[in-house]
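Undergrad: predicted model, plus sequence, below.
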Amino acid sequence: MNKKIETLLKEIETAKNQAREVIDIKKVQLQKEFNKMLDNDISFQKALNNAENASDYQYAVYCNVESWFRYLELDDVPEEHREYFEEYVSDKCISIDWNNSCFLMNQGDCLIIQDDTRRDNGVWLNGKIVIDESEYKVEGDVDEDLRNSLIEAYMEKSGFFPGVFRVTQHGDVFLVNTTPKGKK
């Protein structure tokens, strides 16, 4: 290749790199401005607080449970602004489901009580059964108090105290209080 072509190709590549650096700097500045705006948006802050305290749950991929909070104002966010909103809420461990106008908060590693008609019923953690249903099923019925005491014993033994959720065969998710009645 001739020298002139090589030089021009290198100059183009250098210009592209410089442009990317300028764009990256501008994006950081833009994120700071979005952060200021969102910090001062009372409605948005209230929605984030509601999302952090949401008690509506869904069963997500990879055996995860997410709480969700619908915030219809998300529909008004232009496509080109969405990445800045996502970055802002990610610092609070929240994600955005744009299709459903919801804030989502992953509940982390959870104990999942599966009690539907399948054969793999029991209490699960990260895709592994930790308490088989046969350990708390008495005369064909689930003894919830026994199940809950086994869950509490498991948590005490492991030193890990995650959220406990029951998931139905239809994918409905319910938070389960395993604390013995009369205790808090």
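TA: Looks like it came in fine. Since the model is a prediction, treat every value here as computed from it, not as a measurement.

Undergrad: touching, residue 75 and residue 101? I think so.
TA: Yes: under the criterion of C-beta atoms under 8 Å, residue 75 lies in contact with residue 101, with a separation of 5.4 Å. C-beta: built from backbone N, CA, C; applies to glycine.

Undergrad: and the two? which has more neighbours close in?
TA: Per other C-beta atoms under 10 Å, whichever of residue 75 and residue 101 has more neighbours is residue 101, with 16 against 8.

Undergrad: do you know how far the more buried one is from residue 69?
TA: As for residue 101, its distance to residue 69 is 10 Å (criterion: C-beta to C-beta, to the nearest Å).

Undergrad: same question, residue 129
TA: Applying C-beta to C-beta, the value for residue 129 to residue 69 is 31 Å.

Undergrad: neighbour count: these two, which is higher?
TA: The residue with more neighbours, out of residue 129 and residue 69, is residue 69; 20 against 14, by other C-beta under 10 Å.

Undergrad: so the residue nearest the centre of the chain bridges to which residues?
TA: By C-alpha atoms, centre = their mean, the mean C-alpha position of the chain lies nearest to residue 106, the distance being 2.2 Å. Residue 106 forms beta bridges with residue 66, as assigned by DSSP bridges.
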